[in-house]
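A.B. asks: Pasted the sequence and its predicted model underneath.
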Amino acid sequence: MTASLFQIINLSLTYPGRAAPAISGLDLTVRRGETLCLLGPSGCGKSTLLRLVAGLERPTAGAISWAGAKPGVGFVFQEPNLMPWADVAANVALPLRLAGMSRAEAAPLVAAALARVGLKGQERALPRQLSGGMKMRASLARALVDEPELLLLDEPFAALDEITRWELNDALQDLRSGVTILFVTHSVFEAAYLADRVALLRANPGALHELVTLDKAPARGAALRASPAYAQTCAGLSEKLRKAMEAK
Ligand SMILES: Nc1ncnc2c1ncn2[C@@H]1O[C@H](COP(=O)(O)OP(=O)(O)OP(=O)(O)O)[C@@H](O)[C@H]1O
């Protein structure tokens, strides 16, 4: 049994001015080092849950209980949110510079983060010179540069074309060792590819519908995507998602 990183306990949030809660009575234990995908219909509270875990929102009721000291957290959104006037190195260095580190001290850490996401040698490029996939890699590098234990990803690859999306999923597979990942997605295929476990949420109000543990993938990359086991996982998750969407 893997140790838990944190526990979400009876968590509820009603946004000010809203009658219905965005999230209601959600219980979930997140394990250290796992990739947990949050999958569910639009409006079921996936982004809200990530924001609560990050401490960007305060719950109306319930709590998030950390097993130890609250770890460093990296957050990646659907938009890469890079500073357009700054080169890749300066963008990736931002969390370190905000923490008071000099440019010289930051440089090797930036280089390591860029290597980790497959952007080695792109330090001097400006965001407008990068493809959509490369911008997202830079955004990932910025989230990883101060070596957070927990990475929160909110539909990070949803705006990318299919092939780039698969490449980014492969990149995430490569870098995830030692990091706990909470990954919001609408895509059954992405969840089936990346997740150790999938939390299926339902809407109105947002709540946990079912927690699914996936079998350890027998392969990765193209071999995994072409495997019957992967097709079966996708079909199973699709059916569970359909049930979550019908649940009241
Ligand atoms: N800042 C806010 N103020 C008021 N209501 C909000 C706010 N943010 C989200 N909501 C509402 O809370 C509910 C959950 O929204 P949230 O964005 O967390 O869902 P989601 O599952 O991430 O949706 P999607 O898949 O469409 O991104 C929705 O009904 C939404 O309208």
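C.D. replies: Thanks, I have the structure now.
A.B. asks: Look at T233 and say how many residues are nearby.
C.D. replies: When neighbours are defined as other C-beta atoms under 10 Å, T233 has 23 of them. Glycine gets a C-beta too; all of them are placed from N, C-alpha and C.
A.B. asks: Can you tell me the SS state at it?
C.D. replies: Secondary structure, DSSP: H, G, I helix; E, B strand; the rest coil: T233 is helix.
A.B. asks: Quick check, it in contact with T213.
C.D. replies: No: using C-beta atoms under 8 Å, T233 is not in contact with T213; the gap is 11.1 Å.
A.B. asks: In contact with A244, which residues?
C.D. replies: 40-41, 200-202, 209-210 (C-beta atoms under 8 Å, 6 or more residues apart in numbering).
A.B. asks: Just the ones of those in helices?
C.D. replies: Residues of those located in helices (DSSP state H): none.
A.B. asks: what are the phi and psi values for G206?
C.D. replies: When quoted as degrees, to the nearest 10, the phi and psi of G206 stand at phi -60, psi 120.
A.B. asks: For it, report the pLDDT, please.
C.D. replies: Per-residue confidence for G206 comes out at a pLDDT of 90.
A.B. asks: where exactly do the strands run in the chain?
C.D. replies: Here the chain has its strands, by DSSP state E, at 4-13, 23-31, 35-39, 61-66, 73-76, 150-154, 180-185, 197-202, 207-213.
A.B. asks: Now those strands in TSV, please, with extra columns for mean neighbour count and distance to the ligand.
C.D. replies: Formatted as TSV, the strands of the chain follow (neighbours: other C-beta atoms under 10 Å; distance: least, C-beta to the nearest ligand atom, whole Å):
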stretch	mean neighbour count	distance to the ligand
strand 4-13	19	8
strand 23-31	19	7
strand 35-39	25	8
strand 61-66	14	16
strand 73-76	22	14
strand 150-154	23	7
strand 180-185	24	6
strand 197-202	23	7
strand 207-213	17	11
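A.B. asks: Helices of the chain, residue ranges please.
C.D. replies: 46-54, 88-98, 103-116, 132-144, 162-175, 188-194, 221-225, 228-246.
A.B. asks: Where does pLDDT dip in this structure?
C.D. replies: For the chain, the stretches with pLDDT under 70 are 1, 218, 248.
A.B. asks: how close does the residue sitting furthest away from the middle of the chain sit to R97?
C.D. replies: If you look at how far each residue of the chain sits from its centre, by C-alpha atoms, centre = their mean, the farthest one is A104, at 29.6 Å. A104 sits 11 Å away from R97, going by C-beta to C-beta, to the nearest Å.
A.B. asks: Stretch 51-66: end-to-end distance?
C.D. replies: 15 Å (C-alpha to C-alpha, to the nearest Å).
A.B. asks: what sits up against that stretch?
C.D. replies: With C-beta under 8 Å, 6+ apart, stretch 51-66 has contacts from 5-14, 21, 23, 25-26, 48, 70, 73, 75, 150, 152, 182.
A.B. asks: same question, stretch 158-165
C.D. replies: So stretch 158-165 is contacted by 78-79, 131-133, 136, 157, 168, 185-187, 190 (C-beta under 8 Å, 6+ apart).
A.B. asks: 6 Å - rerun?
C.D. replies: If you take C-beta atoms under 6 Å, 6 or more residues apart in numbering as the criterion, stretch 158-165 is touched by 78, 132-133, 157.
A.B. asks: now do stretch 200-220
C.D. replies: Residues beyond stretch 200-220 that count as contacts (C-beta under 6 Å, 6+ apart) turn out to be 20-24, 26, 39-41, 43-45, 173, 195, 197-199, 224, 229, 233, 240, 244, 247.
A.B. asks: do stretch 231-240 as well
C.D. replies: By C-beta under 6 Å, 6+ apart, stretch 231-240 touches 188-189, 192, 200, 210, 214.
A.B. asks: out of those residues, what pair is the most spread apart?
C.D. replies: Using C-beta to C-beta, the contacts of stretch 231-240 reach their maximum pairwise distance at F189 and E210, which is 18.2 Å.
A.B. asks: Perfect, that will be all.
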